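Undergrad: Any chance you can model this:
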Amino acid sequence: ERLIEADVDAIVHWGDAEEGAHVLNQMRSVGMTHPFFASDRCISRAFVEIAGDNAEGVVCISPWNPQRDDEHLHAFRAAFRERFGVEPGTYAAHGYDGMNMLIDSIQIAGLNRAKIRDVMAYRSVPWPGVTGDILLSAALDDGGEVFLARFENGDWRYYSREDLDIPSGAEANGDSGGDRDVGVAPVATGPLSVSPHFRLREHQSTYNGPGRETPEPEGLEEVALGYFGPSDPAHPDGGDMWLAASMAVSEANEAGGYQSMPFVLLPAWSDNPWGTGIKQVTRLVYEQRVWGIVGSIDGAATHLAEQVVAKARLPLVNPASTDKTVNLANVPWMFSCPPGDHQSAPLLAQALTTTLAGSHFVLLTSTDHDSRAFTAELMSSLAGGPTHPRLHLQFHSGMVDDSSLVARINAIRPQAVVIVAAAGDSARIVAGLRRAGFEGAIFGGPAMGRWAFLEAADAAAEGVVFPLLIAGDDLTPFAREFEERYGHPPDYAAVHSYDATRILIAAIRVAGLNRAGIRDALVGLAPWVGAGGALSWDPLGQNQRPARLGTISTGRVVPLAR
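TA: This next block holds a predicted model:
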């Protein structure tokens, strides 16, 4: 009824076969003879059985042509029918091709994960699959031909663009084609000595995908930036970060905004990021139309936001997460300001080896995402060396009673304790150890550089050693202004939040209101000097600035004397 009222000319159903067939039948039953288009899920026996005669003339998209004359396809179909008694469908055919590509790459590269990936990503010729020639694009998906399937005289018939005189994207835009339009990465023909993670980013240093030539919108009154994190200044983990990002926006507006339009910072957050939080990020992107996002406050939430921007093609600047896997996904829209765990954990491992000289220590780690990521890097850095934990204890983040942990540690009397946990957890355990009389050295993860740790641990924090993730000191103009306003110095997450917002604003001023252009400008602005030090992206978008070790001295975070 709503479709009839809307007076449409055609119907596109993008869903499953059974629902699509019922919709089609209801349309035909009330006299709607509109053309019916559908996804490849409707190319199925279920759709035809339910739709009956109504299936005649339905057109579906198809990622391959199962009717093409190809000896490999004929052999695969015959073998599949013999073994399973049914025709292979789309997923079976692509699963077969994918497994064969993987096996072939292993045989070429050997048992080395990175080289296996290299072989798959940088084949010199397309893979001759049963679904057709497979040539991976710059985004590492299949850049090959797609087809339309039309149900005619009781069977599906497959047509190419050429068959139906449908222009390709390049032809439709008046271009001559080539890698830019198809999205195919230049082929690497030399030895596999450089990871394609690096080469891929070099090929994409100027993003040429969808949206690159989109003109600026008209009629705007403000320029919206997204912020994925709590906007409550009292929030223990994210409050200072919000204040710092807000300072950057205020400064930009005092300097004229963007073409006299003010920047606005739109927050999105939920204490359950993977529940309602993902909906709020999606709303930022698609309803509030932000031009970039700063976020989030930890690694788990940053991974979540990354999934959204990867599909929306929107720049995301990470101010807090040190988990290197945020960037290992090779999403070209992702930029991380803090040095990663793989840069800071080796420093802590070296300090432990030098300080303990073979003596034992206790490793105490939380089960939260960021703590597990840093612990993995630390253990990797210690592997094969003379220093290793005598005991490794794990606990759940937010555990209130840690007296049993403290008692077990004191019973061993280690020379040192390493605590890898969130700021609040780290502070509580450090304070508990000192109250119980532990006098040994205490080391920790990056969270000991947060203001929340210093405030909660108070005097017990004195002398702890941890990776310090900012290169600047507390004498920077931003740090002085922040402390004057809020009564305490900004920690590394607040500093990076300020820098992330400022470089995003700078990119908008360079590129204009074009998401792909803003992404390009973020790449081109580096190396860029911020309040926390230089931002210089590696090919995966991770800041290359080295970390250093820090400590607490007279109630302040300071670099550790060399």
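
Undergrad: Would you confirm that residue 148 contacts residue 162?
TA: No - if you go by CB atoms under 8 Å, residue 148 and residue 162 don't touch, sitting 11.5 Å apart. Every residue, glycine included, has its C-beta placed from N, CA and C.

Undergrad: What helix or strand is the residue nearest to the spatial centre of the chain located in?
TA: For the chain, the residue whose C-alpha lies nearest the mean C-alpha position (CA atoms, centre = their mean) is residue 306; its distance is 3.3 Å. Assignment of secondary structure by DSSP states H and E places residue 306 within helix 299-312.

Undergrad: C-terminal to that helix, what's the next element?
TA: Taking DSSP H and E as the definition, the helix or strand right after helix 299-312 is strand 316-318.

Undergrad: partners of that following strand in the sheet?
TA: In the sheet, strand 316-318 lines up against strand 293-295 (parallel), strand 334-336 (parallel) (DSSP bridges).

Undergrad: Give me the buried positions along the helix or strand containing residue 495.
TA: Secondary structure assignment for residue 495, by DSSP H and E: helix 492-511. The neighbour-count check on helix 492-511 (16 or more other CB atoms under 10 Å) flags 492-509, 511 as buried.

Undergrad: re the thing from before, neighbour count winner among residue 148 and residue 162?
TA: Here residue 148 and residue 162 are set side by side on neighbour count (other CB atoms under 10 Å), and the busier one is residue 148, at 18 against 10.

Undergrad: check contacts around the closest residue to that one other than its chain neighbours.
TA: Once its chain neighbours are removed from consideration, residue 148 has its nearest residue in residue 159; the separation is 5.0 Å (CB to CB, 6 or more residues apart in numbering). The contact partners of residue 159, by CB atoms under 8 Å, 6 or more residues apart in numbering, come to 147-150.

Undergrad: and these, which are buried?
TA: For these, a burial check counting by 16+ other CB under 10 Å picks out 147-149.

Undergrad: Let me know the closest of these to residue 310.
TA: For residue 310, the nearest member of those is residue 147. The distance, counting by CB to CB, is 26.4 Å.

Undergrad: what is that closest one paired to in the beta sheet?
TA: Beta-bridge pairing for residue 147 (DSSP bridges): residue 62.

Undergrad: who's in contact with it?
TA: 61-65, 158-160.

Undergrad: let's go with 6 Å and repeat that
TA: Residues touching residue 147, when contacts are defined by CB atoms under 6 Å, 6 or more residues apart in numbering, comprise 62, 65, 158, 160.

Undergrad: Those in strands, which ones?
TA: Mapping these onto strands (DSSP state E) picks out 62, 158.

Undergrad: Neighbour count says what about the contacts of residue 147? Which are buried?
TA: The neighbour-count criterion (16+ other CB under 10 Å) marks 62, 65, 158 among the contacts of residue 147 as buried.

Undergrad: any idea what sits nearest the last one, other than its immediate chain neighbours?
TA: In this structure, residue 158 finds its nearest non-sequential neighbour in residue 65, 4.3 Å apart by CB to CB, 6+ apart.

Undergrad: Please tell me how far the one you found sits from residue 48.
TA: 18 Å (CB to CB, to the nearest Å).

Undergrad: now do residue 265
TA: Residue 265 is 53 Å from residue 48, where distance means CB to CB.

Undergrad: Also residue 114?
TA: To residue 48, residue 114 is 46 Å away according to CB to CB.

Undergrad: Which one of the two is surrounded by more residues?
TA: For the pair residue 114 and residue 48, the greater number of neighbours falls to residue 48 (20 against 11), based on other CB under 10 Å.

Undergrad: Tell me which helix or strand that one sits in.
TA: Counting by DSSP H and E, the element that carries residue 48 is helix 45-51.

Undergrad: Now find how far off-centre that helix is within its chain.
TA: Average the C-alpha atoms of helix 45-51, do the same for its chain, and the two points are 39 Å apart (CA atoms, centre = their mean, to the nearest Å).

Undergrad: what's the answer for stretch 446-454, then?
TA: Centroid displacement of stretch 446-454 relative to its chain, using CA atoms, centre = their mean, is 25 Å.
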